[in-house]
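Q: fold the stuff below for me.
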Amino acid sequence: MLPNPTIMKFGGTSVEDANAFRNVAAIVKDAVPLRPVVVVSAIGGFTNALLASVQKAIGGDARAATRSLDHDLKRHVAIARELLNLESCAAFELTVAVTRREIRQLHKIIAVHPVTQPPLQDEIVAYGEQLSAQLLAAVLRESNLAARYVDARRCLRTDDNYGSAMPLPESAPATRAELVPLLEASRIPVLGGFIGSTDTHIGAAGLVEENGHPGHGGAGLPIGDTLPDSLLDPIEFSPGGLAGVWAEENTRASLYSAMRRKETVSYQSYEPLKEAIEKKLMSSVRDISRVITKARTRDEEQGSKYDSMVKNLLDQGYCEYCVDVVLKYAANNLWKD
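A: Reported below is the predicted structural model:
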């Protein structure tokens, strides 16, 4: 029988900069025989910044709310650039860019519908732990440790008392289901602390209250006790979704097992449809690459398309730095293919 794991918790000051991350990696490396499970907080000061950004959004200025986080998001990138190899760093920079865009969408919802602040504030604050846990897992792998990022929301299930939620009994089996296989495979789980999820039964775990959320088919209006017919929601009011999986039986355990194995149904499941879509979207990888890549071979038309692409990303809430990171990452991968 394997010994119990050792839970190692690192607070925000323990991961406030590159040197702090190096120190954590050294501590975890020494603890490998103890089967560590690493729990990490957001980097120092980031949680306060996230909370302050929500207040700006409540005041109606979603753009300023998101921009107020740029300094701390760049801190994450700076740490990654100092500690990670080029490929891992590029992947993490893309994660930061996507995170900023997702937070931007939440800020926009709060600015328009301040009533959504309690659940969405919890979701926004959780990004701090998610980013630090993903970054620490990458830093540990850089030190030749078999670290694996785990989304803590798959482990900790809570009630819907936003801001001070309490764990539910099902948290224990959910945590074991996520962590035990990793520990048995001699992996080091790395997850964020103080993150949980609730189940609203609308495919939007931990996000909204059923009757008050403006994304129940009400075209941006709360449904109250009735559901308006034939009204579609703007995308920012539709956080939930549906997924198809290949499962052995219609049980929660079987469905979650299939999702962990990534046995999902998508357009790629049907080869003729996959070929048709890819042919339509990617008729010429070389042409697309020349549009994205800053190169002398780009002609006037391609240059115009590039400028339009940059403008569109800026309009969607990306900062100039994030736009540059995303396009460079896309260009590198297109040329690689």
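Q: leaving out sequence neighbours, find the closest residue to Ala52.
A: Spatial nearest neighbour of Ala52, excluding adjacent residues (Cβ to Cβ, 6 or more residues apart in numbering): Ser68 at 6.6 Å. Yep, even glycine has a C-beta here, placed from its N, CA and C like the rest.
Q: quick one: residues contacting the one you found.
A: Ala49, Ala52, Ser53, Lys56 (Cβ atoms under 8 Å, 6 or more residues apart in numbering).
Q: please report how far the third one lies from Val15.
A: Pointing back at Ser53 there. Distance, Ser53 to Val15, by Cβ to Cβ, to the nearest Å: 20 Å.
Q: state the distance from Lys311 to Ser304.
A: As for Lys311, its distance to Ser304 is 11 Å (criterion: Cβ to Cβ).
Q: now swap in Ala80 and tell me
A: 33 Å.
Q: would you mind telling me which of those two has more residues around it?
A: For Ala80 and Ser304, the more surrounded residue by other Cβ atoms under 10 Å is Ala80, and the numbers stand at 25 against 12.
Q: pretty sure the more buried one sits in a helix.
A: Yes - assessed with DSSP: H, G, I helix; E, B strand; the rest coil, Ala80 lies in a helix.
Q: re the thing from before, just the buried members of the contacts of Ser68?
A: With neighbours counted by 16 or more other Cβ atoms under 10 Å, the contacts of Ser68 contain buried members at Ala49, Ser53, Lys56.
Q: in TSV, list these along with pLDDT, distance to Leu106 and secondary structure.
A: TSV is the format used below for the buried ones among the contacts of Ser68 (pLDDT from 0 to 100; distance: Cβ to Cβ, whole Å; DSSP: H, G, I helix; E, B strand; the rest coil):
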residue	pLDDT	distance to Leu106	secondary structure
Ala49	95	15	helix
Ser53	96	10	helix
Lys56	95	12	helix
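Q: now Leu314. Nearest residue, chain neighbours left out?
A: Nearest residue to Leu314 in three dimensions, chain neighbours excluded: Val323, at 6.3 Å (Cβ to Cβ, 6+ apart).
Q: tell me, how many residues neighbour the one you found?
A: Applying other Cβ under 10 Å, we find 18 other residues in the vicinity of Val323.
Q: so who does it touch?
A: Counting by Cβ under 8 Å, 6+ apart, Val323 makes contact with Val310, Leu313, Leu314.
Q: which of these fall in strands?
A: Among the contacts of Val323, the subset assigned to strands under DSSP state E is empty.
Q: now the buried members of the residues you listed.
A: Leu313.
Q: coming back round to it: just curious, which of the buried ones among the contacts of Ser68 is nearest to Asn4?
A: Ala49 (36.2 Å; Cβ to Cβ).
Q: on that earlier part again, isn't there a strand covering the residue nearest to Leu314?
A: No - applying three-state DSSP, one finds Val323 to be helix, outside a strand.
Q: and Ile43, that's in a helix?
A: No - according to three-state DSSP, Ile43 belongs to no helix; its state is coil.
Q: how many neighbours does it have?
A: Neighbour count for Ile43, taken as other Cβ under 10 Å: 26.
Q: now do the contacts for it.
A: Each residue near Ile43 by Cβ under 8 Å, 6+ apart is listed here: Gly12, Val15, Glu16, Asp17, Asp72, Arg75, His76, Ile79, Gly128, Leu131, Ser132.
Q: coming back round to it: switch the contacts of Ser68 over to TSV; also include distance to Ala25.
A: What follows is the contacts of Ser68, written out as TSV (distance: Cβ to Cβ, whole Å):
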residue	distance to Ala25
Ala49	25
Ala52	30
Ser53	29
Lys56	35
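Q: Val112: which of the residues you listed is nearest?
A: Nearest to Val112 among these, counting by Cβ to Cβ, is Lys56 at 13.9 Å.
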